[in-house]
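*Asks:* any chance you can model this:
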Amino acid sequence: MLHGHERSITQIKYNRDGDLLFSSAKDNHPCVWYSVNGERLGTYEGHQGVVWAIDVDWETKRFMSGAGDNMLMIWDVQTGKALGKIEAKTSVRTCNFSYSGNMALYSTDSTMGNPSEIFIIDVRTVDSSFSENDPILRIPLNNAPKATSMVWGNLDEVVISGHDNGDLAQWDLRTGKKNNLVSEHAKSINFFFQAEDGIRDIGVTG
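*Replies:* Numbering: from 1, shown residues only. You can find the predicted model right below:
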C-alpha cells in the first residue's frame with residue numbers, strides 16, 4: 001500500500017523501466033515512488049488545483065502534469081525542479097509525451113465559452129515564457145465533446161482522442177484534420193492505449 005495522497009487518485013503510471021511509479025490525485029501534489037518497495041521519493045510542488053493527468057518520458061528525464069489550475073507543468077524527474085509551464089484558459093485534462101520524448105500533447109476542457117482543444121508542443125522549447133499561443137499545432141474541437149483521454153499513434157504521426165460522449169477520433173498531425181471517427185460507446189472514455197495491432201484496454205465510465 002502506498003500512502004501519500006490526501007484525496008482520490010486520478011492517474012497512475014510506471015516509467016519505461018518499471019522501477020518508478022508516478023501518481024496524481026485530486027490534491028495538488030503528484031508523487032513519485034520506488035515500485036519495488038513503495039518508498040516515496042518525493043512530490044512535485046507547484047500546482048494549485050486537482051491534478052488530472054500525468055506522464056513520464058521514455059528516458060525518465062522529464063515528468064509532465066496537467067491540472068485544474070489551468071496549468072501544464074514539465075519537471076526534471078530527478079530534481080523535482082519545474083522546467084517549464086504553460087497556462088491554459090481551462091483545466092488541462094490530458095497530457096502525453098511522444099515516443100521520441102521531444103514532443104508532447106495536452107488537451108483542455110470546454111468551459112465558459114472556451115472549446116476543448118488539443119495542443120502539440122515541443123517540450124525542448126517550454127520554459128517560463130511559453131504560452132498556449134506557441135504550440136506546434138493547435139486543434140480546437142469547437143462543437144465536439146471534450147477530450148477525456150489521449151494517446152499518440154504509430155510513428156507520432158497521429159493522435160487518438162477519447163471523448164466524454166464515447167467517441168474515439170483520430171487526428172492527422174500534418175494537417176490538424178480528423179482522419180476517422182468511431183462512435184461505438186455511449187459513455188465517457190477515461191483511458192485506452194495504442195497497441196501495435198490496434199487500440200486496447202478502453203475504460204468507459206459514466
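*Asks:* can you list the weak-confidence ranges in the protein?
*Replies:* 128-133, 193-206 (pLDDT under 70).
*Asks:* now do 90
*Replies:* 1-7, 99-102, 111-115, 123-135, 142-146, 153-156, 184-206 (pLDDT under 90).
*Asks:* show me the helices in the protein, by range?
*Replies:* Assigned by DSSP state H, the chain shows no helices.
*Asks:* ok, the residue positioned nearest the centre of it to Tyr34 distance?
*Replies:* Nearest to the mean C-alpha position of the chain, by Cα atoms, centre = their mean, lies Cys95 at 1.5 Å. Separation of Cys95 from Tyr34 (Cβ to Cβ, to the nearest Å): 23 Å. C-betas here are computed from N, CA, C, even on glycine.
*Asks:* and what of Thr43?
*Replies:* For Thr43 relative to Tyr34 (Cβ to Cβ), the value is 14 Å.
*Asks:* neighbour-wise, which of these two wins?
*Replies:* Using other Cβ atoms under 10 Å, the more surrounded residue of Thr43 and Tyr34 is Thr43, with 16 against 13.
*Asks:* count of neighbours near the closest residue in space to the more buried one that isn't next to it in sequence?
*Replies:* If the residues on either side of it in the chain are set aside, Thr43 comes closest to His29, at 4.4 Å by Cβ to Cβ, 6 or more residues apart in numbering. Using other Cβ under 10 Å, His29 has 19 neighbouring residues.
*Asks:* can you check Ser188 too?
*Replies:* 19.
*Asks:* and if you look at Gly46?
*Replies:* Gly46 has 18 neighbouring residues, counting by other Cβ under 10 Å.
*Asks:* correct me if wrong: it contacts Ala82.
*Replies:* Yes. The pair Gly46 / Ala82 is scored as a contact, 5.4 Å apart, by Cβ atoms under 8 Å.
*Asks:* okay, and the common contacts of the two?
*Replies:* Residues within reach of Gly46 and of Ala82 at once, by Cβ atoms under 8 Å, 6 or more residues apart in numbering, are Met73.
*Asks:* so what sits opposite the residue nearest to the centre of the chain in the bridge?
*Replies:* Residues in a beta bridge with Cys95, per DSSP bridges, are Tyr106.
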